[in-house]
Structures are given as structure tokens and as C-alpha cells.
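In: Got a predicted structure here, sequence first:
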Amino acid sequence: MSNQMVKLKLILLFAVCLLAAALSAQTPADSPAKSSNPQASGTPGASADDIWWKHAVIEEIYPRSYADSNGDGVGDLKGITEHLDYLRDLGIDAIWIAPMYPSPQVDFGYDISDYENIDPQYGTLEDFDRLEAAAHHRGIRIILDMVLNHTSDRHKWFVESASSRDNPKADWYVWNSGIPVDSPGVGDFQKRNEHDGVVPPNNWESFFGGSAWQWVPARRQFYYHKFYKQQPDLNWRNPAVEAAMFDVMKFWLRRGVAGFRLDAIPELYEDAQLRDERDLGGTNDQGDPNLEEVRTANQPEMHDLLRRLRAMVDEFPGNRVLIGETYPPNIAALDAWYGRAAHDELDLPMDMLVGFGSDAKFNATYFRRVIAESETELHGSQPLFVFDNHDNDRSIDRFGDGLHNVQIAKGIATILFTSRATAMTYYGAELGMITQTPKRKEDVKDPIGITGWPREKGRDGERTPMQWTPGPQAGFSSNPNTWLPVAPDYKTVNVETESADPNSLLSWYKKLIAIRRRNPALHDGSMAMIDTNDPDVLSFVRVRQGKNSAVVVAINMSASTKTVTLHLRSSGIDSNTVRTLAASEQGLESIRPTESLTLPPFASWVGAVQ
Ligand code: GLC
């Protein structure tokens, strides 16, 4: 195809795209009560049967920390509603809101005491409906966090269950009478949890420290809790539990939510025989024995349950999405969460291997390997890349070298928004907010940081208030006593300041997301690595079928200037003319690379093939 023909086709395509974008209703997923118009991406080429979440940019919002509308120092739903224009302008398709249900807040919302309401700290159900309507109006969907593994110990189900051994909910949680303290194999860790001569039935421990079994005198039994003792695990082998939790999800699906992020999904079932976990030697950050995690996670029943859950959610129109909090050890384990070739379980289990792999570093060889795996080892399922969330140090700190952190964050954003994966980001990542780990134990709010100090300092660092302005409390709250301190860098790292700077990280996010939304190759083009032996520069092409649209991406992950060879012809692209769409360094914007491209240290570059 001649260059001129390619140009003509692209101009035509562009015109069609503009028209499509203008016509696109940007309507979030409809509730069953509304008409079924599932498509909302506003992206060229989008059709009615196009699945919105395959192209989406999803932002996690931690409601305590996003925006405080009533001056109590804690974020709330109205605060989110007031900032929807910002999210729309950023190009966000959906927000995942961390739990905002009534909760004693032991685990800041992950201990739910009522699944069908809003915690008064965050507002009311009416506030939620207003948020949803206002988001819908802007083409933004709402995804809720759904905690299936456990409830709060104040939930009425648990209060009833704990009251006796023969109440109607007696079997809704994982109860056990324990074993005599002198039973063979009982170790010191178990013996520390002795009550009247009995100890827990095995050595299982809580993720958050100590034994996973808690004694209840009224039942003279232990209950199991994978997380805090205030988070008793539900008994998913009881069909009544499944029915009740499915009802909860239907309650929100009817209210119009676009899907769920399923919390701690691998932990739902435990070994039915209650066998000990293997002791791996040494101790963890909470000072407890290091145990394998084979008996308390990833049990086989999980997959049947997910198929039933998938089928239930599919009764609702609009391609509601099921996202999973999965920390798979390898790509085969990730594939299992999709239902492998059957594709009948989760839509988007989180690919934590890319962003959180044990060997994760800002290195072209590393990213080429993990991205290639997600392209080839998932039976064609849609990958979901995640680099940041409310449980881990922010990626700018994990990948940064301390000298080029913003450039490195631009490189991470380039992978996130130009690869084929669905993109999950986290509030403040777009600004380069950094992890603010507390310096003194007395300042820690997250309980694991108190019990684990100083080895484990908790998760407060990645949950600090959103930085909106250079003004008081960074514009997060009118109250100087914010629930966590505002990070000291807020005068320069904030929405207002960065919006005015075309070279800021925020401007880079906006530019890339805008290109992702309008460019057909980025929308659903295939993905292939180029220059595959280069240890420093990660480069790939995205090609839309028919080869009339292609995008080339190159990220220099080294501290030296590097030249890459594009090899476009060997990638099946019949053109050598490439025009810059986005460049993280000034000066790169005007180049028109042909066969090779020279990138300054840590530069990211995105170009369109003409
Ligand atoms: C998930 C959440 C985390 C929470 C835990 C228990 O890992 O992301 O914040 O503490 O589950 O619900």
C-alpha cells in the first residue's frame, strides 16, 4: 500500500472516528430496569457488542482519602461526586471504590457490618445514587469492592452465629471445637492459643499476625479469620452463605453498578480436612512462623463458585465486570482465574506479575517477558495490568531509582496505557504521589503497622490524602486534622499545579489516555514486541487488523541515550514513516523517525505509522 493511500485511509478513518465519538452516548452499564446499551467507551470502532472493559482505564479510589466534602478530615462520596469532571477529563472509564459500606473501620472498610448501605462517614444511599447518576452522565462507570471472604464481627450474621451452636446462622462461619492441647504435632504457636485445655485444630495463622483462630466462650469454639480477628471468615461451603452474598451483589447490580472488584478471592475456601500448613522456617514481618499457603487459599471449589457467580452476573445486561484481587505466583495460576480456555470465571483477574512480580524492576528484559506472557499464555483472555493499589508502596517508589522517578513513572504509565491490557490505576498515581510511610509507631493508623512495627509499618503510606491544590490540606479537606497527614510535597505535586504544566506526569497521563481512547490500534490492535534483544529499550507495535492503523511505542529504561531499530517491515507494517504522537522529553516531539529512533535516558515515546 502506498504512503498516500495509507494517509487517505487514515484521514477517512479519523473522520469516521470523530463522528463515532460524537455520536457515542458514553452511557455506563445499564441496570436491568434500563434499556440495554452496553457500549460506553466513546472510542472509535466501538460497536454495540464491543465489551467496554477490554479497553477501559479504571481508577481505584480510596474513599477515605479522595476528597472530604464535609470537613471531618475523612473523604466521602460527595467528595468523589464533586471531582467527577476531573476524572472525566483525565479519561477514566470506570472507578473502583474501595469499601464504603457501614463498617467499624478496623480494616478501614474491609470489615463490613452491612452490605446494603453506606457508612455514615461516607454519606448515605442517596449520596451513592447521586454519585452514580452523575458518573453515568459523564460516561464513568462505578465498580464496587465486594468482600466475600469475611464480614465484620459486628455484622448481624456473625453476632447471631457466635451466640450459640444451634442458632439458624450457626454454620455461616468457619467454627471448630479445637483439639486437646497435648495432641500429637501441636506446636508452640498453637499452644499460645489454649482455652480450657483445647487449642485450634491446626497451625493456620492470620495474614495480619497471630493465630487465625479466635475463641468464643459462648460457643466454646474457635472461629477462623484469615485477616483481623474482627473479620471472621464466612463458610462458603454453606449454600445459604452463597445465596445471601449473591443477593447482596444483586442489590448493587440492580442499582446500576458496572461490576465488582472481588476482595481476597483466593482465600474463600480452606482445606476441608483442616490440615496444617507447612512451616517454611524463619518468621514473617509479624514475627510469626513463615508458612506455606496451600491449605488456606486456592482450594478447588473456588472455580465452580466463580462459574456460578459469573452466570449470575451475566443475567444483568451491559457486560458487568468481575475483577479479582488475585496475586498469582505465575501466569498459569493467573490463567486459571479466567477459567482457562473456557473463559467462564473472572473477566479480569489482576495480573500482579507485571506490576508486583517478585523480580519486578524497571528493565526492558523484565517487562518484555511478563508482557509477552500475558499476550501468549492466557488463552486469549484480556489482561489487566495493575501497578498501584491501597495495599502496596506506590509504584513510583518501587520502580524509581531515586533520581529519575517522574520519568520512570511516565514509562510505567506508557506501558499501562499503550499495551493491550485493561489499565488499572490508583488515585494520585497520575500526580506522582509518593509513599509516605509513617516515621513513628505512634502515628500509624493501619493495625498491621502497629503490631508489626518496625518490620511491618502498615499501609498508611499509600493511602494519604489526594493532593488537589497547593493550598491548605492540599485541597483535600477544610479540616487541618485529616485522617492521615497530607504529604509534604503537595505544593508542587497536586492537580492544580500539574494541570498547568505540559510536562508534568499528570499531563502525560492525560495525553496517553486521550490517545488510547481515540486511536484504533491502541483501542483493540494486536501487540507485538520489536527489537526483542535490546536490554534497555522496551519497544512494541500495536496494529489494528487490516494494517491501516499502527502505533509504535518505545521506552528507554536506562540512564543512557539509546538508539532503537524499529524493524517495522518485519512486524508486517508496510511503511517506514512514523509521526510522534507523544514524547515524554521536549525536542522528541518534532522528530519523524524512520528506521531508527534515538531516545534520551528514561524517555518514553509513542508514534503513529503513516
Ligand atoms: C484485601 C484488601 C486489603 C484488606 C484485605 C482484607 O487484600 O485489598 O486492604 O485488608 O483484603 O479484606
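Out: Structure received. Numbering: from 1, shown residues only.

In: burial measure for P465, as a count.
Out: Using other C-beta atoms under 10 Å, P465 is surrounded by 30 other residues. (Glycine included, C-beta is placed from N, CA and C.)

In: Kindly report the same for the one 4 residues further on.
Out: Other residues within reach of T469, judged by other C-beta under 10 Å, total 15.

In: Test my guess that it contacts G475.
Out: Yes. The pair T469 and G475 passes the contact test of C-beta atoms under 8 Å, sitting 3.4 Å apart.

In: what's the overlap in contacts for these two?
Out: Overlap of the contact sets of T469 and G475 (by C-beta atoms under 8 Å, 6 or more residues apart in numbering) consists of N494, V495, E496.

In: Switch those over to CSV; also include distance to D171 and neighbour count.
Out: Listed next are the shared contacts of T469 and G475 as CSV, based on distance: C-beta to C-beta, whole Å; neighbours: other C-beta atoms under 10 Å:
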residue, distance to D171, neighbour count
N494, 51, 25
V495, 50, 22
E496, 54, 14
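
In: Tell me which entries of the residues you listed lie within helices.
Out: Mapping the shared contacts of T469 and G475 onto helices (DSSP state H) picks out V495, E496.

In: any chance of the shared contacts of T469 and G475 in JSON lines, plus distance to the ligand and pLDDT?
Out: Below are the shared contacts of T469 and G475 laid out as JSON lines (distance: C-beta to the nearest ligand atom, whole Å; pLDDT from 0 to 100):
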{"residue": "N494", "distance to the ligand": "25", "pLDDT": "99"}
{"residue": "V495", "distance to the ligand": "25", "pLDDT": "99"}
{"residue": "E496", "distance to the ligand": "30", "pLDDT": "98"}
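
In: Kindly reformat the shared contacts of T469 and G475 as a markdown table containing distance to F417.
Out: Shown next, in a markdown table, are those (distance: C-beta to C-beta, whole Å):
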| residue | distance to F417 |
| --- | --- |
| N494 | 22 |
| V495 | 18 |
| E496 | 23 |
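
In: Go through the shared contacts of T469 and G475 and name the one nearest L597.
Out: Of all the shared contacts of T469 and G475, L597 sits closest to V495, with 32.2 Å by C-beta to C-beta.

In: so the closest one touches Y86, yeah?
Out: Yes. Using C-beta under 8 Å, V495 is in contact with Y86, at 6.6 Å.

In: any idea which helix or strand carries P593?
Out: When elements are assigned from DSSP states H and E, P593 belongs to no helix and no strand.

In: what about the closest residue to the ligand within the stretch 451-600 of the chain, how many residues close to it?
Out: Nearest residue of the stretch 451-600 of the chain to the ligand: R459, at 6.9 Å (C-beta to the nearest ligand atom). R459 has 22 neighbours, counted by other C-beta under 10 Å.

In: Excluding chain neighbours, give the residue nearest to it in space.
Out: D446 (4.8 Å; C-beta to C-beta, 6 or more residues apart in numbering).

In: Is the one you found in contact with E462, as I believe?
Out: No. The criterion here is C-beta under 8 Å, and D446 misses it with E462 at 10.0 Å.

In: Report the contact partners of the residue of the stretch 351-500 of the chain found nearest the ligand.
Out: Per C-beta to the nearest ligand atom, D391 is where the stretch 351-500 of the chain lies closest to the ligand, at 4.8 Å. D391 sits next to R459, E462 when contact means C-beta under 8 Å, 6+ apart.

In: residues near T565, how many?
Out: Neighbour count for T565, taken as other C-beta under 10 Å: 14.

In: same check, this time on P120
Out: P120 has 9 neighbours, counted by other C-beta under 10 Å.

In: what's it in contact with, if anything?
Out: Listed by C-beta under 8 Å, 6+ apart, the contact set of P120 reads P102.

In: domains for this protein, by residue range?
Out: Following the assignment in automatic domain parsing, the chain carries domains at 52-151+239-507, 525-609.

In: weakest of those by average pLDDT?
Out: Ranked by mean pLDDT, the domains of the chain end with domain 525-609 at the bottom, a mean of 89.

In: May I have the distance across it, first residue to last?
Out: Length of domain 525-609, first residue to last, C-alpha to C-alpha, to the nearest Å: 13 Å.

In: In JSON lines: the domains of the chain, plus distance to S177.
Out: Formatted as JSON lines, the domains of the chain follow (distance: least, C-beta to C-beta, whole Å):
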{"stretch": "domain 52-151+239-507", "distance to S177": "11"}
{"stretch": "domain 525-609", "distance to S177": "54"}
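
In: Specify the stretch among those domains that is closest to F158.
Out: That would be domain 52-151+239-507 among the domains of the chain, by C-beta to C-beta, at 5.7 Å.

In: for the residue of the stretch 351-500 of the chain closest to the ligand, helix, strand, or coil?
Out: coil (DSSP: H, G, I helix; E, B strand; the rest coil).

In: Next to the ligand, which bits of the stretch 351-500 of the chain? Give me the list.
Out: H390, D391 (C-beta under 6 Å from any ligand atom).

In: Helices of the stretch 351-500 of the chain, start to end?
Out: 352-356, 364-376, 395-399, 405-418, 447-451, 495-499 (DSSP state H, counting those that start in this stretch).

In: Which positions in the protein make contact with the ligand?
Out: Contact residues (C-beta under 6 Å from any ligand atom) of the chain with the ligand: D107, Y110, V147, F227, D263, A264, E325, H390, D391.

In: Now the buried members of those.
Out: Buried members of the residues of the chain next to the ligand, counted by 16 or more other C-beta atoms under 10 Å: D107, Y110, V147, F227, D263, A264, E325, H390.

In: Out of those residues, the closest to A550 would be?
Out: Looking across these and measuring by C-beta to C-beta, the closest to A550 is E325, at 34.6 Å.

In: follow-up on the earlier one: report how many residues lie close to the residue nearest to R459.
Out: Neighbours of D446 (other C-beta under 10 Å): 23.
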